[in-house]
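Colleague: A predicted structure for the sequence below; I have some questions about it.
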Amino acid sequence: MAEPTPAPSRMPDAPLAVPEAGERETSTRAALRNPRRLKTEVLGGLVVALALIPEAISFSIIAGVDPQVGLFSSFVMAVTIAVVGGRPAMISAATGAVALVIAPIAREYGMDHFIATVILAGILQIILAALGVAKLMRFIPRMVMVGFVNALAILIFLAQIPHLVGVPMLVYPLVALGLAILVFLPRWTTIVPAPLVTIIVITAVVWIAGWDLPDVADQGELPRSLPELFIPQVPLTVETLRIIGPVALGMALVGLLESLMTAKLVDGITDTHSNKTRESWGQGVANILSGFFGGMGGCAMIGQTMINVKVSGARTRISTFLAGVFLLALVVGAGDAVGMIPMAALVAVMIMVSVATIDWHSLHPATLRRMPLSENLVMLLTVGVTVATGNLAYGVIVGVNAAIIVFARRVARFASIEPLSDAVATAGVRTYKVRGEMFFATSNDLVYQFDYSGDPDRVVIDFSDSHIWDASTVAALDAVRTKYTKLGKSVEIVGLNESSAARHELLSGRLGETEG
């Protein structure tokens, strides 16, 4: 079933590349035959590659490994997922969330255990994909998705702050120049992506002027050779599994959650549907190959995906594949030139990405007034937890649980248990009418809704306008029957639909003695 997700609203006149009618979903073969589309895909991949370099180096530092580990991982992940992934144009590479999860292994046990963890995480992702984990995406509410998008925008912006603090004053006008190019150039022409022009112009200005400003080379040493096969030398024992197993599972879950959320986000932006199950096992394959080539693994990169899809207008696997190819070519074959790119240029690009990513409509006062308070709280809670922890997965988990509580509370309001008129009771029978959905949120107080001492010897509980959803309700009904039985009174439950009757028959009397 399709999983429609409204595309996040953006600020008016945001400088985004929007495909023309008929270009919303372009196959790889069609793109190869269309020079205009092919140019968009090629340039989109180049821009992403340039933006990937400093981030991959930063994530390597977070994970406690050499910069080449993150760079090689980004190359392998991007090229592999372009072939086996389920969401065209989505970028996968080394990420901060995965780096945070796996960092303790590198610090405490060394590189061999680190790589073994990455490979095991990929295997677990393939297993989870086979078990249907991708289908869980349908249970993520829209306001959690909106909170996810807004938190992402905030995190992208906050990640640029270190590059704007304690730097030479010349950095600030250069960032302003970059933002001006990103805003105004698309209004004049879209022949060349504005981010690429920004990077070229600012690099040229700094080089011609001879200014000594922070650049990509300052982020870490770039590799000089191609990645090589790496077989981790770890003992195949239960002890090794005890060490790397929990971390690998955490890495697998975090990677899948971020990748599937990003895929769903891109689905909404492009008005297309992606194969989430294929994306899930594709991430596993990419992580396994990343590990065997000495990489740190990763998952979908939301910021780079937004550059590729929203800013550059890419739509096919070509851009993802070329992002990996260009990345390797740039760091190995043109490392000196890439190292000269001022960080001011990349900061300007990422700031514009954060502005374009945020769902401005969800923050408009009229929208906030129109939405129920509980829905706004779910969104704000998702944003707050994500920003506070720096982990999108934590925010989504908390947001989904908050949405479940809100939904359960809302449904519980419509449940009621009412005795029928006293005229019926005088005939020796008291009938209670149950209305609404009966589950844990509504059945916990069920035992207190009856007049045990005042009711006649026969009590009827009518479920013809209700439904039993869980064991909590069956246990509550058993408690009610027990109380009446102790007083020498009988209880008859009538009106159960087929599903409720089957659940009640299966569980009644088998849940332990409950007094309520």
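Modeller: Arrived safely. Numbers count the residues shown, from 1 in each chain.

Colleague: Show me which helix runs longest in this protein.
Modeller: Using DSSP state H, we find that the single longest helix of the chain is helix 238-270.

Colleague: what ranges do the strands span in the stretch 51-200 of the chain?
Modeller: When assigned using DSSP state E, counting those that start in this stretch, the strands of the stretch 51-200 of the chain occupy the ranges 92-93.

Colleague: if you skip the residues just before and after it, what's nearest to Leu363?
Modeller: What sits nearest to Leu363 in space, not counting adjacent residues and going by Cβ to Cβ, 6 or more residues apart in numbering, is Asn150, at 7.3 Å. (Each C-beta comes from the backbone N, C-alpha and C, glycine too.)

Colleague: Actually, Val429.
Modeller: When the adjacent residues along the chain are set aside, Val429 lies closest to Arg458, with 4.7 Å between them (Cβ to Cβ, 6+ apart).

Colleague: Quick check: bridge partners of the one you found?
Modeller: According to DSSP bridges, the residues that bridge with Arg458 are Val429, Ser490.

Colleague: quick one: it from Leu346, how far?
Modeller: As judged by Cβ to Cβ, to the nearest Å, Arg458 and Leu346 stand 78 Å apart.

Colleague: In terms of neighbours, single out the busier of those two.
Modeller: Taking other Cβ atoms under 10 Å, Arg458 and Leu346 do not tie; Leu346 has more neighbours (27 against 16).

Colleague: Which secondary structure elements does the strand or helix carrying the more buried one sit against?
Modeller: Element membership of Leu346, judged by DSSP states H and E, is helix 343-357. Where contact means 3 or more Cβ pairs under 8 Å, 6 or more residues apart in numbering; DSSP states H and E, helix 343-357 is packed against helix 35-63, helix 142-158, helix 171-188, helix 194-209, helix 302-306.

Colleague: picking up where we left off before, surely the residue nearest to Leu363 meets Leu380?
Modeller: No: taking Cβ atoms under 8 Å as the definition, Asn150 is not a contact partner of Leu380, at 9.1 Å.

Colleague: More neighbours: these two, which one.
Modeller: Neighbours around Asn150 and Leu380, counted as other Cβ under 10 Å, are more numerous at Asn150. The numbers are 23 against 16.

Colleague: give me every residue that touches the more buried one.
Modeller: If a contact means Cβ atoms under 8 Å, 6 or more residues apart in numbering, then Asn150 has 358-359, 362-363, 379, 383 as its contacts.

Colleague: Output those residues in a markdown table, with pLDDT, distance to Leu164 and neighbour count appended to each entry.
Modeller: Shown next, in a markdown table, are the contacts of Asn150 (pLDDT from 0 to 100; distance: Cβ to Cβ, whole Å; neighbours: other Cβ atoms under 10 Å):
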| residue | pLDDT | distance to Leu164 | neighbour count |
| --- | --- | --- | --- |
| Ile358 | 86 | 19 | 24 |
| Asp359 | 84 | 24 | 22 |
| Ser362 | 88 | 27 | 20 |
| Leu363 | 90 | 23 | 13 |
| Met379 | 93 | 28 | 28 |
| Val383 | 93 | 22 | 22 |
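
Colleague: sorry, back to before: now the angle from the helix holding Leu346 to helix 171-188?
Modeller: In terms of direction (axes from the mean of the first three to the mean of the last three Cα atoms, to 10 degrees), helix 343-357 departs from helix 171-188 by 50 degrees.

Colleague: Please identify the buried residues of helix 343-357?
Modeller: Burial within helix 343-357, assessed by neighbour count using 16 or more other Cβ atoms under 10 Å, is assigned to 343-357.

Colleague: Then stretch 147-166?
Modeller: Buried residues in stretch 147-166, counting neighbours by 16+ other Cβ under 10 Å, are found at 147-157, 159-160, 163.

Colleague: what's the closest of the residues you listed to Thr473?
Modeller: Here the nearest of the buried residues of stretch 147-166 to Thr473, counting by Cβ to Cβ, is Gly147; it sits at 31.8 Å.

Colleague: For the closest one, which residues are in contact?
Modeller: 378-383, 386, 395, 399.

Colleague: Apply 6 Å and report the result again.
Modeller: Residues in contact with Gly147, defined by Cβ atoms under 6 Å, 6 or more residues apart in numbering, are 379, 382-383, 399.

Colleague: Let me have those in a markdown table, adding secondary structure and distance to Ile140 as columns.
Modeller: Output for the contacts of Gly147, formatted as a markdown table (DSSP: H, G, I helix; E, B strand; the rest coil; distance: Cβ to Cβ, whole Å):
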| residue | secondary structure | distance to Ile140 |
| --- | --- | --- |
| Met379 | helix | 13 |
| Thr382 | helix | 10 |
| Val383 | helix | 15 |
| Gly399 | helix | 8 |
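
Colleague: Identify the farthest-apart pair in those residues.
Modeller: Spatial extent of these (Cβ to Cβ) is set by the pair Val383 and Gly399 at 8.6 Å.

Colleague: Quick check: the residue nearest to Val429 touching Ser490?
Modeller: Yes: in this structure, Arg458 sits in contact with Ser490. The criterion is Cβ atoms under 6 Å, and the distance is 5.4 Å.

Colleague: pLDDT weak spots in this structure?
Modeller: Residues of the chain meeting the criterion pLDDT under 70: 1-26, 421-427, 512-516.

Colleague: tell me which element Arg315 is part of?
Modeller: With DSSP H and E as the test, Arg315 turns up in no helix or strand.

Colleague: With Leu226 instead?
Modeller: Going by DSSP H and E, Leu226 is not in any helix or strand.

Colleague: Burial check on Ile105, number of neighbours?
Modeller: Using other Cβ under 10 Å, Ile105 is surrounded by 24 other residues.

Colleague: residue contacts, it?
Modeller: By Cβ under 6 Å, 6+ apart, the residues touching Ile105 are 113-114, 117, 247.

Colleague: Equivalent analysis for Cys299, please.
Modeller: Cys299 neighbours (Cβ under 6 Å, 6+ apart): 95, 98, 255, 258-259.

Colleague: which residues touch whichever strand or helix holds Ser290?
Modeller: Taking DSSP H and E as the definition, one finds Ser290 inside helix 276-292. With contact meaning Cβ under 6 Å, 6+ apart, helix 276-292 is reached by 73, 76-77, 80-81, 84-87, 115, 118-119, 121-122, 125-126, 129, 134, 137, 255-256, 259-260, 263, 297.

Colleague: Which SSE is immediately downstream of that helix?
Modeller: Next along the chain after helix 276-292, taking DSSP H and E as the criterion, comes strand 299-300.

Colleague: Okay, now the sheet partners of that next one, with direction.
Modeller: strand 92-93 (antiparallel).

Colleague: got the residue ranges for the strands in the stretch 301-450 of the chain?
Modeller: Counting by DSSP E, counting those that start in this stretch, the strands of the stretch 301-450 of the chain are 416-419, 429-438.

Colleague: So which bits of the shortest one are buried?
Modeller: By neighbour count, with 16+ other Cβ under 10 Å as the criterion, the buried positions of strand 416-419 are 417, 419.

Colleague: And that strand, what does it pack against?
Modeller: Contacting strand 416-419 under the criterion 3 or more Cβ pairs under 6 Å, 6 or more residues apart in numbering; DSSP states H and E are the following elements: strand 429-438.

Colleague: that older thread, and of the buried residues of stretch 147-166, the nearest to Glu55?
Modeller: The shortest approach to Glu55 among the buried residues of stretch 147-166 belongs to Ala159, at 8.2 Å (Cβ to Cβ).

Colleague: Which residue comes closest to that closest one once chain neighbours are left out?
Modeller: Closest residue to Ala159 apart from its sequence neighbours, by Cβ to Cβ, 6+ apart: Met350 at 7.1 Å.

Colleague: Also Ala56?
Modeller: Of all residues not flanking Ala56 in the chain, Gly70 sits nearest, at 4.0 Å (Cβ to Cβ, 6+ apart).

Colleague: ok, how many other residues are close to the closest residue to Pro419 other than its chain neighbours?
Modeller: Taking Cβ to Cβ, 6+ apart as the measure, Pro419 lies nearest to Tyr432, with 5.3 Å between them; neighbours along the chain are not counted. By the other Cβ under 10 Å criterion, the neighbourhood of Tyr432 contains 20 residues.
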